[in-house]
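In: everything below, folded, please.
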Amino acid sequence: MRCTGQKTAALAGILSVLLANAAQANCTEDAMIVFDGSGSMAEMGFNQIDEPRIFEARRAIRTAMPQVAPFRRIGLIVYGPGGAGGVGECSGIELRFGPRADAAGPIIAAVDGLQPEGRTALTEAVALAAKTLGAPEQPGTVVLVTDGKETCGGQTCTLAAQLAGTGTTVHVIGFKVRGEHFGWETEGDTDYLNSVSVARCLADQTGGEYVNTETVNELVEAMNRTLGCKLLF
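Out: Purely as a prediction, here's the structure:
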């Protein structure tokens, strides 16, 4: 009897974990990717980056999207390119398309064709993504891929507070985020290489996840974790 009771308790524990994982998946919710196409995605060299971020980001998108797109509707917003000169550089926010089924091909094509330029209006871009998903009436998932900074004056944490409790979950993937100052004497071993995106509060206040990534594999894993679906067998 004691053995039977222990087995029952163990099975109950496993079931609760599986149900929790299934609840976290939320694959019935639409998702929007907000992709950083600003000029800094083309940087390389001085910031301990061997090639432009956009090259590695393209490879990660090509790998991750076919793995996640078959299981949920996904849309895409790009910010950076397309803004007018001067202050208008912040106007480069483009809704490429709203959530659609089997979006891997269109997302890959859009990112492959991206020529990084302009400034980083990530706050306004995330706000547009939430609106596209139907916030606050409809729940949804936003995945922001960014190299870190908001350079267009957006109040990122104010937006986070507005989205909190609306059913919109924002995951933030920081890709090769860098601090303000490189430590020459320590070969960059300062907060320069351990910096966190200003957008982290979006994840913290909406129940999302913040992930810092440095490699293509880490970026793929982060996109799989934030956009993918856990399956029950």
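
In: use CA for all of it now, contacts and neighbours both
Out: Will do.

In: where does pLDDT dip in this structure?
Out: 1-26, 44-50, 83-88, 179-195, 230-233 (pLDDT under 70).

In: what ranges does it have for its helices?
Out: 2-25, 53-68, 104-112, 122-133, 156-163, 200-206, 216-227 (DSSP state H).

In: my guess is Gly165 contacts Thr206. True?
Out: Yes - taking contacts as CA atoms under 8 Å, Gly165 lies within contact range of Thr206: 6.7 Å.

In: which of these two has more neighbours?
Out: Neighbours were counted for Gly165 and for Thr206 using other CA atoms under 10 Å; Thr206 has more, 21 against 14.

In: residues near the closest residue to that one other than its chain neighbours, how many?
Out: By the measure of CA to CA, 6 or more residues apart in numbering, the closest residue to Thr206 outside its immediate chain neighbours is Ala164, 4.7 Å from it. Ala164 has 18 neighbours, counted by other CA under 10 Å.

In: and Ala164, what are its phi and psi?
Out: Per-residue torsions, Ala164: phi -60, psi 130 (degrees, to the nearest 10).

In: residue contacts, it?
Out: Gln205, Thr206, Gly207 (CA atoms under 8 Å, 6 or more residues apart in numbering).

In: swap in Arg100?
Out: Arg100 neighbours (CA under 8 Å, 6+ apart): Arg73, Ile74, Gly75.

In: next one: the residue nearest to the last one when sequence neighbours are not counted from Ala203, what distance?
Out: The one in question is Gly75. Leaving aside its sequence neighbours, Gly75 sits nearest to Pro99 (CA to CA, 6+ apart; 3.9 Å). According to CA to CA, to the nearest Å, Pro99 and Ala203 sit 20 Å apart.

In: looking at the two, which is more packed in?
Out: Between Pro99 and Ala203, counting by other CA under 10 Å, Ala203 is the more crowded of the two (23 against 18).

In: touching, that one and Tyr210? I think so.
Out: Yes - Ala203 lies in contact with Tyr210 (CA under 8 Å); the separation is 5.9 Å.

In: shared neighbours, the two?
Out: Taking CA under 8 Å, 6+ apart as the criterion, Ala203 and Tyr210 both touch His171, Val172.

In: what's the burial count for Ala64?
Out: The burial count for Ala64: 22, using other CA under 10 Å.

In: likewise for Thr123?
Out: Residues near Thr123, counting by other CA under 10 Å: 24.

In: which residues does it contact?
Out: Contacts of Thr123 by CA under 8 Å, 6+ apart are Glu150, Gly154, Gln155, Thr156, Leu159.

In: if you set the cut-off to 6 Å instead, what comes out?
Out: Residues near Thr123 by CA atoms under 6 Å, 6 or more residues apart in numbering: Gly154, Thr156.

In: same thing with the one 10 residues further on?
Out: Going by CA under 6 Å, 6+ apart, Leu133 touches Gly140.

In: ok, it to Leu163 distance?
Out: 12 Å.

In: list the contacts of Gly167.
Out: Pro139 are the contacts of Gly167 under CA under 6 Å, 6+ apart.

In: any idea how far Gly134 is from it?
Out: 10 Å.

In: what of Gly82?
Out: 25 Å.

In: ok, Gly208 next?
Out: 18 Å.

In: now swap in Leu114 and tell me
Out: 27 Å.

In: likewise Gly39?
Out: Applying CA to CA to Gly39 and Gly134 gives a distance of 30 Å.

In: Arg59: neighbouring residues, count only.
Out: 17.

In: the one 10 residues further on now?
Out: Other residues near Ala69 number 22, with proximity taken as other CA under 10 Å.
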